[in-house]
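Colleague: here's my sequence, what's the structure:
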Amino acid sequence: MTSDPMTTTDDFQYLDIAKMIDHSLLLPTLTPDELEAGIDLALAYDVASVCILPYYLARCTERLAGSGVLPSTTIGFPHGGHTTQIKIAEAELAVRDGCQELDMVVNISKVLGGDWQYVREEIGGVIEVAHAAGRKVKVIFENSYLQDEHKIRLCEICGELDADWVKTSTGFGSGGATLADLELMRRCTPAHVQVKAAGGVRDLATLLNVRRVGVTRVGASRTREILDPCRQQLGLDPIVSKGGGEGEARGY
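Modeller: Residues are numbered from 1 along each chain as shown. Now for the predicted structure:
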C-alpha cells in the first residue's frame, strides 16, 4: 500500500477529511499523560487542530510548533454563563498561550431571554480580541437548548460580526449535531462563515454526511475511529500511534 497522503478516490483525499477534525481533549478527567497521548494522536493523523483544556494550551502550542496541526481551546465552556469580562480575559490569555482558534460558548441564558444586544456585544468582544491577533473564532450555540428562531438569529449575528465558524454544540449539553440543524445553520449563515458540527460525529460515514451539507469542521474525540477507515478506503498504510484520549462527554 502507498503512504502518499494525497491519494484520492472519486470523492475525497485523506487530508480533505483529516483537516476537518478538531481532535477534542476537553473531558475534565483527562490526566496530563492522557493529554500528551491525545496530542501525539492528533500529530500522527495530521488533523486540523487539537482543542484542549485551557490550562494545557501553552504546552499544546509548544508540542504542535512546526506541524500542520493548530492549537485551539475553549472560551466560556461548557455552559456559557461566564461574564463577558471573563470571556474576554480568557480569549486574551488564550491568544498569549498561542491559541489559533477559539471555540466560545454564547450566553445561553441571554439567548433564551432574547437579550440580543448583550449576546451581540459579547460575541463581538471575543471576536475583536481574536481577530486583532490574527486568530479565528468558532461560536458555539448549544442547539439542543434552543428553538430554530434562536439559532437563526445567532447565525445572523455571527454573519454580521464576521465570526469564522458557527458551531452546533459543546458535547456537554443534552444533544449534539443534527443534520436538520446543520442544514439550517448553513442556510442562515453567510457564505464567509463556516459551519462546525460537534457531538455525534463518531465515524467516517457520519463525517461524510455532514460534509455534504456544507460542514467544514467537526469536533471529535474518536479521531482514530474516523480516520483509520478513511485510510483503509483510500488504500493508505495504517498509522501506528500510541496516542489516544477520549476528549468529550457523550463521545463528542
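
Colleague: tell me which residues of the helix or strand containing residue 16 come out buried.
Modeller: Per DSSP states H and E, residue 16 falls inside helix 14-18. Within helix 14-18, the residues that count as buried by 16 or more other CB atoms under 10 Å are 14, 17, 18. In short, each C-beta sits where N, CA and C put it, glycine included.

Colleague: and the strands in the chain?
Modeller: Counting by DSSP state E, residue ranges of the strands within the chain are 21-25, 49-52, 70-75, 101-105, 136-140, 165-167, 194-198, 217-220.

Colleague: returning to what we had before: okay, the helix holding residue 16 in CSV with CA atoms only?
Modeller: Coordinates of each C-alpha in helix 14-18 appear next as CSV, following Å, rounded to 0.1, in the frame of the first residue of the first chain:
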residue,chain,number,x,y,z
TYR,A,14,-7.1,11.9,3.0
LEU,A,15,-6.3,15.4,4.0
ASP,A,16,-9.7,16.6,2.9
ILE,A,17,-11.1,14.5,5.8
ALA,A,18,-8.3,14.8,8.3
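
Colleague: just checking the distance from it to the centre of its chain.
Modeller: 16 Å (CA atoms, centre = their mean, to the nearest Å).

Colleague: and that helix, what does it pack against?
Modeller: Helices and strands touching helix 14-18, by 3 or more CB pairs under 8 Å, 6 or more residues apart in numbering; DSSP states H and E, are helix 204-212, helix 223-234.

Colleague: using CSV, lay out those helices together with mean pLDDT and distance to residue 95.
Modeller: Shown next, in CSV, are the helices and strands packed on helix 14-18 (pLDDT from 0 to 100; distance: least, CB to CB, whole Å):
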stretch, mean pLDDT, distance to residue 95
helix 204-212, 96, 29
helix 223-234, 97, 25
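
Colleague: how many other residues sit next to the residue nearest to residue 108 when sequence neighbours are not counted?
Modeller: With CB to CB, 6 or more residues apart in numbering as the criterion, residue 108 has its nearest non-adjacent residue at 4.8 Å, and that residue is residue 80. The criterion is other CB atoms under 10 Å. On that basis, residue 80 has 24 neighbouring residues.

Colleague: just checking, residue 80 touches residue 103?
Modeller: No - applying CB atoms under 8 Å, one finds residue 80 not in contact with residue 103, separated by 11.4 Å.

Colleague: what is the neighbour count of the nearest residue to residue 136 once chain neighbours are set aside?
Modeller: Nearest non-adjacent residue to residue 136, counting by CB to CB, 6+ apart: residue 164, 4.0 Å away. When neighbours are defined as other CB under 10 Å, residue 164 has 20 of them.

Colleague: residue 77 against residue 27, yeah?
Modeller: No - using CB under 8 Å, residue 77 makes no contact with residue 27, being 11.8 Å away.

Colleague: now stretch 57-65: mean pLDDT?
Modeller: Average pLDDT, stretch 57-65: 98.

Colleague: give me the contacts around that stretch.
Modeller: Defining contact as CB atoms under 8 Å, 6 or more residues apart in numbering, one finds that stretch 57-65 is touched by 35-36, 39, 42-43, 50, 52, 70-71, 73, 94, 97-99.

Colleague: most surrounded residue in those residues?
Modeller: Result: residue 42 is most packed of the contacts of stretch 57-65 (other CB under 10 Å), 33 neighbours.

Colleague: report the contact partners of residue 122.
Modeller: Applying CB under 8 Å, 6+ apart to residue 122 gives the contacts 84, 87, 106, 107, 110.

Colleague: out of the residues you listed, which one sits closest to residue 160?
Modeller: residue 106 (14.4 Å; CB to CB).

Colleague: could you report the pLDDT at the closest one?
Modeller: 98.

Colleague: what do you get for residue 11?
Modeller: On the pLDDT scale, residue 11 gets 79.
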